[in-house]
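[1] Dropping a prediction and its sequence here:
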Amino acid sequence: MKKLLIQLDTDKRASTFDQVVAYDAGADNLIIHSGITKEEVEDIIYGAIFTRSPKKMKNTAVFIGGSDVEKGEEIMEAVKDVFFANFRVSVMLDSNGSNTTAAASVLKVKEEIDLAGCEVLILAGTGPVGVRAAALFAMEGASVTITSRSQEKADKKAEMIKEEYDLEKIKGVEAKTDADFIKAMKNKEVILSAGPPGINFISREMWKNEDSIKVMADINAVSPAGIEGIEPPADGDTIDGIKVFGALGIGSLKMKLHKKAVAELFKTNDLILNAVEVYKLNEKL
């Protein structure tokens with residue numbers, strides 16, 4: 001029986017990247033629906049859960065992707081709403097690669113420092129990767145600060161993360177100027193830049209004077225870097241005594257997690273893989 005992955009993509013053109021990774025992870029065929037909306041989900045999922053016997057249903061799975069994370073989350077909820085009893089299939093959500101990227105970023109940092117009691121700063125922490133990374137850092141016992149250009153947005157996202165993941169040590173700060181970022185970096189041991197491509201938040205002159213920093217990571221592969229001085233290939237390199245990880249260094253682990261997650265979908269019919277579940281898959285790599 002073939003392993004069929006139903007790809008629900010919210011974009012007009014379904015991600016080629018996600019398709020290639022799915023095949024490399026062991027899917028035999030993809031059933032692709034692009035430009036998907038939550039209203040269209042029910043009929044598609046009925047087709048997935050009523051065509052194979054319960055014992056063989058693990059050979060069908062769903063992957064939710066696309067560039068819009070909020071739409072992806074809506075699709076995920078719509079998919080879960082269709083399931084009942086044992087009429088379900090395993091599902092993975094990774095819109096814009098946010099779950100796998102966040103998991104890989106935190107795991108890379110964790111290789112270098114004990115996160116329990118650690119002070120972490122996430123630049124542009126209100127975005128999809130930043131929010132998920134904040135939750136994962138906090139789950140490891142770190143105290144996390146997320147930045148935004150708006151104090152209101154930073155506070156709102158911090159409260160959302162605490163409520164959704166049942167966490168406490170997360171706070172938001174406004175950071176728009178160099179002085180704001182310098183203040184936010186004070187006494188931080190870990191800095192993760194989780195902003196969009198091509199935006200620099202802190203210069204080398206700004207971070208090199210903060211003696212508390214032990215590890216820095218940047219998910220941005222497009223110049224200029226979010227943290228000046230971190231090159232995309234960096235994978236545990238040392239700069240001025242600080243361990244650093246760039247987008248490609250993080251990306252190598254992200255790819256492994258993505259493939260492992262897709263492969264896991266076909267082992268049972270009841271997996272729901274989001275950021276936390278993907279993060280935990282590192283133990284199986």
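    Great, that's in hand.

[2] Can you tell me the centre-most residue of this structure?
    Nearest to the mean C-alpha position of the chain, by C-alpha atoms, centre = their mean, lies N99 at 2.3 Å.

[3] The nearest residue to it once chain neighbours are set aside: what's it in contact with?
    Closest residue to N99 apart from its sequence neighbours, by C-beta to C-beta, 6 or more residues apart in numbering: A275 at 4.2 Å. C-beta: built from backbone N, CA, C; applies to glycine. Residues near A275 by C-beta atoms under 8 Å, 6 or more residues apart in numbering: 98-99, 102-103, 132, 135-136.

[4] Okay, strands next: where are they in the stretch 51-200 of the chain?
    60-65, 90-93, 119-123, 143-148, 170-174, 190-193 (DSSP state E, counting those that start in this stretch).

[5] how about CSV for those, with distance to E73 added?
    Listed next are the strands of the stretch 51-200 of the chain as CSV, based on distance: least, C-beta to C-beta, whole Å:
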stretch, distance to E73
strand 60-65, 9
strand 90-93, 7
strand 119-123, 20
strand 143-148, 19
strand 170-174, 19
strand 190-193, 22
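
[6] Identify whichever of those strands lies nearest to N29.
    With C-beta to C-beta, the closest approach to N29 among those belongs to strand 60-65: 10.6 Å.

[7] for the closest one, packing partners?
    strand 4-9, helix 16-24, helix 41-49, helix 69-82, strand 90-93, helix 247-265 (3 or more C-beta pairs under 8 Å, 6 or more residues apart in numbering; DSSP states H and E).

[8] among these, which is nearest D211?
    The minimum distance between D211 and those falls on helix 247-265, with 23.9 Å, by C-beta to C-beta.

[9] What residues of the closest one count as buried?
    Of the residues in helix 247-265, 247, 249-251, 253-255, 257-265 count as buried by neighbour count, 16 or more other C-beta atoms under 10 Å.

[10] So which elements touch that helix?
    Using 3+ C-beta pairs under 8 Å, 6+ apart, helix 247-265 sits against helix 16-24, strand 60-65, strand 90-93, helix 98-110, strand 235-239, strand 272-273, helix 275-280.

[11] repeat that for 6 Å
    helix 16-24, strand 90-93, helix 98-110 (3 or more C-beta pairs under 6 Å, 6 or more residues apart in numbering; DSSP states H and E).

[12] so N200 makes contact with P224?
    Yes. Using C-beta atoms under 6 Å, N200 makes contact with P224 at a distance of 4.2 Å.

[13] Which one of the two is surrounded by more residues?
    A direct count of neighbours by other C-beta atoms under 10 Å for N200 and P224 places N200 higher, at 16 against 13.

[14] Ramachandran angles for the more buried one?
    Here is the backbone geometry of N200 (degrees, to the nearest 10): phi -90, psi 130.

[15] and it, what does it touch?
    224, 228 (C-beta atoms under 6 Å, 6 or more residues apart in numbering).

[16] ok, now the one 10 residues further on?
    Taking C-beta under 6 Å, 6+ apart as the definition of contact, the neighbours of E210 are M185.

[17] quick one on the thing from earlier: go through the strands of the stretch 51-200 of the chain and pick out the most buried.
    Among these, strand 190-193 has the highest mean neighbour count (mean count of other C-beta atoms under 10 Å), at a mean of 29.

[18] farthest residue from the center of the protein?
    The chain, C-alpha atoms, centre = their mean, max distance from centroid: S53 (33.1 Å).
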